[in-house]
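1. Predicted model, plus sequence, below.
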Amino acid sequence: MALTFNSLSSLYDFVVREGNGVKGVADLGLSEVPERYVQSPEERINKQDSRTCDAPPIDLSKLNGSEHEKVVDEIVRAAETLGFFQVVNHGVPLELLESVKDSAHKFFSLPSEKKAVYCAGVSISPVTKYGTSFVPDIEKAWEWKDYLSMRYTNDANALQFWPDQCKEVALEYLKLSYKMVRGIVKILIVNMNYYPPCPNPELTVGVGRHSDVGTITVLLQDGIGGLYVKMEEENDAGKGEWLEIPPIPGALVINVGDILQILSNGKYKSAEHRTRTTCTQSRVSIPLFILPIPTEMIGPLEEVVKNDGLARYREVVMQDYLNNFFADAHQGKISLDFAKINSA
Ligand SMILES: O=C(O)CCC(=O)C(=O)O
Ligand SMILES: [Fe+2]
């Protein structure tokens, strides 16, 4: 194996085809990242330049008490503005959250050949997929991230086809988080993201600017930090500014996805977000994506359109929306254009 990648195809083989991922690159201990990971200047993340979001987490246990209305208002307000908020007292035990993060480290620490059996195309089952970056065949600059994606079909499939290192805790995390959000659930996918230490955090990104495709995402992050959301609120002095969503021990992060923006005819905003890399420690995050089934027709809800007097999005088949989403590199919220009615 070449220690320096003097051709793009040898880097592609090492990272993508042989399943070494960016963890394999980080483990080589290079003093600089390969060119393929260097982002254009506009996409780089300057840690010094951004503020941290100081919104307190929302206490979900209060939904069952006298402050119910107040908590509902807080959630609605957050979904209409930043599209990101954190929740505590969510009913998912804190020890379980720790075990989920540990299991992600266990999986990504496996030798490459053990992980490579889950690569797209060779994985024993379509419910499990291990990969790197987002769409490495298409992206100009790769993201500094490996991932493991586990789609839930039923318990037996999960226990048979998800990796041993994480299947039990991932299933438990999914079930207990699902209780919190079951009203809008159709398809559940638990991802595990792994960002190894990077020699050039100032040149690379962990995940580039994007919004999530589903209704909402429940995200567990560790204590390292590096998740940023773009402020979109109209008339806000900080519009366009990137705010860091700080790690809060025991909290889960909730964010609005494109489908909820479409269903609500634009009332709830899907949040553009991205992550930076760090130079000393590896970071894991575990998003739970909640999506409609692929055959479902998605469009603004009838009563909302009636109220608004116009539809801002057309009806699309969920699978077509997904195909469009995965056809290109991350580019902010451009994916929503697929369903947008331009005259609206
Ligand atoms: O790692 C994070 O904090 C966010 C990851 C993310 O945005 C995603 O996987 O869609
Ligand atoms: Fe995301």
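-> Looks like it arrived, so ask away. These numbers were taken from a predicted model, which means no experiment stands behind them. Ligands and ions are numbered 1, 2, ... in the order given.

2. in the stretch 151-300 of the chain, which ranges drop under the pLDDT threshold?
-> 180-187, 233-238 (pLDDT under 70).

3. residues from it in reach of ligand 1?
-> Within reach of ligand 1 by C-beta under 6 Å from any ligand atom, the stretch 151-300 of the chain has these residues: N191, N193, V207, D212, L219, Q221, L227, H273, T275, S285, P287. C-beta here means a position set from N, CA and C on the backbone, and glycine is covered the same way.

4. how about a cut-off of 8 Å?
-> 191, 193, 195, 206-207, 210, 212, 217, 219, 221, 226-227, 245, 253, 273-275, 283, 285, 287, 289 (C-beta under 8 Å from any ligand atom).

5. so who does the residue of the chain found nearest ligand 1 touch?
-> Nearest residue of the chain to ligand 1: S285, at 3.2 Å (C-beta to the nearest ligand atom). Counting by C-beta atoms under 8 Å, 6 or more residues apart in numbering, S285 touches M192, N193, Y195, L219, L220, Q221, D222, L227, T275.

6. Which secondary structure element is home to the residue nearest to the spatial centre of the chain?
-> By C-alpha atoms, centre = their mean, the chain has its centre lying nearest to P287, at 5.4 Å. P287 belongs to strand 283-291 when assigned by DSSP states H and E.

7. That strand: partners in the sheet, and parallel or antiparallel?
-> Here strand 283-291 has these sheet partners by DSSP bridges: strand 187-195 (antiparallel), strand 216-221 (antiparallel).

8. chain center to the shortest one, what's the gap?
-> When you say that, I think you mean strand 216-221. Centroid separation for strand 216-221 versus its chain: 7 Å, with C-alpha atoms, centre = their mean, to the nearest Å.

9. what's the next secondary structure element after that strand?
-> Note on strand 216-221: by DSSP H and E, the next helix or strand toward the C-terminus is strand 227-230.

10. hmm, who's touching that following strand?
-> Under C-beta under 8 Å, 6+ apart, the answer for strand 227-230 is 45, 50, 53, 82-84, 209, 219, 221, 240-245, 253, 255, 271-276, 285.
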